[in-house]
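My questions concern the predicted model and sequence given below.
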Amino acid sequence: LYEYFENEATVWERQSYLRGRSLGAFNLTALLQDIVKKGLSEADCQELREIRKKLITSEISNDELNLKHCPGGLVEIEFAVQNAMLKNQLTPKSPNTTETIQQLMGHNVQWQKFGLRLIELYFSFRKMEQLFQLLASRSVSQVPFTESLFSNTARFLGVELESLRKQLILDLHETREILK
């Protein structure tokens, strides 16, 4: 496995392993150190930009909420954090996104400026995603603002439907600005 990551692994494979966890006797730490020490070449950065285009929808919708795949959503935050770890050649201490943001804050001035706010936004989006799943009794990542699930979520939170919709859209735009 070490030889594969040293000689053959693509940038997205290296990136995906940053979320890995050690299993049993196999300690992932040494492998992660090898993965991040390569850093990112300009070709790697271009490949990651292309992958991001495939993962993230083109715009934030006023008609439906997609907390996972819209710009500024959960996938984009996780993607940006993983890329920053590779770029800064930092070995993640945890697969947890918020802990990794905190780690970046300790090593990078830009992340110090907006890291805490990004953690707040990430938790907010995760909480909303989990509420949708609890209230729908199924996995939900895309919810039309007109669907009863969205209005039930607003009612559960004790907020007006339109207020919740506007706040989520503002938060997604803020996340996009932070990650630019």
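Done, it's in.

Just the residues contacting stretch 49-59, thanks.
With Cβ atoms under 8 Å, 6 or more residues apart in numbering as the test, stretch 49-59 has contacts from 12, 66, 69-71, 73, 75-76, 79. (Each C-beta comes from the backbone N, C-alpha and C, glycine too.)

Pull the number of nearby residues for residue 80.
Counted by other Cβ atoms under 10 Å, the residues lying close to residue 80 total 20.

can you check residue 88 too?
By other Cβ under 10 Å, the residues close to residue 88 number 15.

Identify the residues contacting it.
Contacts of residue 88 by Cβ under 8 Å, 6+ apart are 104, 107-108.

Please narrow the residues you listed to those residing in helices.
Judged by DSSP state H, helices contain the following of the contacts of residue 88: residue 104.

any idea how far the residue nearest the centre of the chain lies from residue 129?
Taking Cα atoms, centre = their mean, the centroid of the chain lies closest to residue 78, which sits 2.1 Å from it. Noted for residue 78: a distance of 13 Å to residue 129, by Cβ to Cβ, to the nearest Å.

Equivalent analysis for residue 113, please.
Distance from residue 113 to residue 129, by Cβ to Cβ: 26 Å.

swap in residue 111?
For residue 111 relative to residue 129 (Cβ to Cβ), the value is 23 Å.
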